[in-house]
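In: Provided below for reference: sequence and predicted model.
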Amino acid sequence: MHIAKYNANGNDFIIFHTFVEVDRSTLAQQLCDRQKGVGADGLIVLLPHAEYDFKWQFYNNDGSIASMCGNGTRACAHYAFTNQLANASMRFLTGAGVITSVVENDLVETELTTPKVLSESFEENGLTWHFCDTGVPHLVTFVEDIGCFDKVIARQMRYKYNANVNYARLEKNALHVRTYERGVEDETLACGTGMAACFYSAYRQKLVGTSATIYPISGDELSLRIVDQKLFFKGSVQKVFETVLDL
Ligand SMILES: N[C@@H](CCC[C@H](N)C(=O)O)C(=O)O
């Protein structure tokens, strides 16, 4: 099996395409394992689709299925274009719905699914939380210093609400974000739907305008904008390597 390893601003993925649609949860766990496997936050498998350019299967590092992954959409769009599975502008089916991505060299912009507010904001653990769905559920809290990111609290909130958990610091029209990711069960270096959830929560509270610069903990710079309630998420991706595995 020919696979590619991608880095999307610190979120990393193993990607391949095939005609064979089977459950790959165990394979995801094996390949994503950072000691015994290739190592990645997720596995993305591209499959043919009659209506769209392709459809994907997305697995987290622990083998669980996630309906959306913002960084993963940008990495797999680059993979699809590079492997001539799609034109530079493409539409593909995910568990959360149809995604549009546009590839321009190493920069990829994705139009995410329409964000949804999941509950009123609430107080817990001495913090104010905003809860929304940007393809997968995200809790967002705005803090003065993202150094106060607390993995114990994040993990507790993750299991209580079955959500990813984000701490964000606002600085003018920029957001600095740290995310505890469900399915990786740890902080990752970047989470696309998490950055989108932070931006959307800040936008709803009029803390940012219709666009903002976002810095995940990897230190990379990405951008988010909202047009007619649609979120557009843009940043670079890199193919780290390709190899053939005996799967
Ligand atoms: N890293 C992703 C999110 C992947 C799914 C998430 N871990 C979940 O299970 O909800 C992103 O870039 O959005």
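Out: Noted; the coordinates are in hand.
In: walk me through the domains of this protein.
Out: Domains of the chain are assigned by automatic domain parsing as 2-113+236-244, 116-228.
In: dump these into a markdown table; add mean pLDDT as well.
Out: Formatted as a markdown table, the domains of the chain follow (pLDDT from 0 to 100):
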| stretch | mean pLDDT |
| --- | --- |
| domain 2-113+236-244 | 98 |
| domain 116-228 | 98 |
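In: I'd like the ones you listed as a markdown table, with distance to the ligand and mean neighbour count appended.
Out: Just so you know, the C-beta spots here come from the backbone N, C-alpha and C atoms, and that holds for glycine as well. Putting the domains of the chain into a markdown table (distance: least, CB to the nearest ligand atom, whole Å; neighbours: other CB atoms under 10 Å) gives the following:
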| stretch | distance to the ligand | mean neighbour count |
| --- | --- | --- |
| domain 2-113+236-244 | 3 | 19 |
| domain 116-228 | 3 | 19 |
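In: I'd say Ala196 and Phe232 touch.
Out: No. Ala196 lies out of contact with Phe232 (CB atoms under 8 Å); the separation is 9.4 Å.
In: which neighbours do the two share?
Out: Both Ala196 and Phe232 are in contact with 112, 224, where contact means CB atoms under 8 Å, 6 or more residues apart in numbering.
In: please enumerate the helices of this protein.
Out: With DSSP state H as the criterion, the chain has helices at 25-32, 70-82, 151-161, 192-204.
In: how about Met1, what does it touch?
Out: Contacts of Met1 (CB under 8 Å, 6+ apart): 16, 18, 244-247.
In: which of these fall in strands?
Out: 16, 244 (DSSP state E).
In: tell me which two of the contacts of Met1 sit farthest apart.
Out: The span of the contacts of Met1, defined through CB to CB, is set by Thr18 and Asp246 at 14.7 Å.
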